[in-house]
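> Okay, predicted coordinates and the sequence, questions at the end:
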Amino acid sequence: MRTAILAAAALTFALPAPAAEVALDVGHTLADPGAISARGRGEYHFNRDLAPVVQAALAARGIAVRPINYDGRIASLSARPDAARGSDLFLSLHHDSLPAHEQELWVWEGQRLSYSDRYAGFSLHVSRRNPEATVSGRCASAIGAAMRLAGFVPTRHHYPKHPWADEENAVHWHDNLVVLHRTTMPAVLFEAGVIKHRDEELQLSDPERMARMADAIATGVAACLYAMPR
């Protein structure tokens, strides 16, 4: 895996034009922002902030991006895979939460909000129902390996509810997610970190850290699309 990642990094400056396209999906919407962070910010806004940083890192590796739901107004979950048809990889960006029983209450700027400092870290999710499940898993593993090499630590709280597809690289089977099994190309859902964790919430909005994370994501995607046989 390390060899594939290094090979992909070398390709960053060798590709004259986009040789692959990633459908980059911003999870959730303005109307349904997803998880609410420890300080009351909707998950969609974290996802939307990360998307252009990832897009720039992918472009630096010669990978074109098809933006999905950047405006937060997409009609339905099934509309996302439909909008991605023809791309080489569907990558959905998300930020994680925790079950209600794991959370506690605190007061932040006069608001009574929930948090949990028990778990932090990234994770990846793929579906065995996806028509290219093997490649989906390979891409997720490549991203997870690049994240670990960049110093990011995975979370383990999705196991055992979602079994391991690749424990070392924090990849889970999450079979029934629409955006993973309705796509016609390999699909990966990336959880950047746990926004219910008070410290990690702040870290996830740090521009330098976001850039490092985006670089790792793009390195893993390039390893999958360029350096690994389909």
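Great, that's in hand.
> C-alpha only now, for contacts and for neighbours.
Will do.
> does the residue positioned nearest the centre of the chain count as helix, strand or coil?
What sits nearest the mean C-alpha location of the chain, by C-alpha atoms, centre = their mean, is residue 190, with 2.0 Å. Recorded secondary structure, residue 190: strand (DSSP: H, G, I helix; E, B strand; the rest coil).
> Same question for residue 39.
Assigned with three-state DSSP, residue 39 falls in the coil class.
> what's near enough to touch it?
108, 113, 198 (C-alpha atoms under 8 Å, 6 or more residues apart in numbering).
> Can you report how many residues lie near the first one?
In this case it means residue 108. For residue 108, the count of nearby residues is 12 (other C-alpha atoms under 10 Å).
> again, but for the last one
Using other C-alpha under 10 Å as the criterion, residue 198 is surrounded by 18 other residues.
> Go ahead and confirm it touches residue 116.
Yes - contact status for residue 198 versus residue 116: in contact at 7.3 Å, counting by C-alpha atoms under 8 Å.
> Give me the subset of the contacts of residue 39 that lies in helices.
Residues of the contacts of residue 39 located in helices (DSSP state H): residue 198.
> so can I have CSV of the contacts of residue 39 showing pLDDT and distance to residue 183?
Output for these, formatted as CSV (pLDDT from 0 to 100; distance: C-alpha to C-alpha, whole Å):
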residue, pLDDT, distance to residue 183
108, 96, 40
113, 97, 36
198, 98, 34
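> What residues does residue 72 make contact with?
Contact analysis of residue 72 by C-alpha under 8 Å, 6+ apart lists 26, 28-31, 44.
> what helix or strand is it on?
Assessed by DSSP states H and E, residue 72 sits outside every helix and strand.
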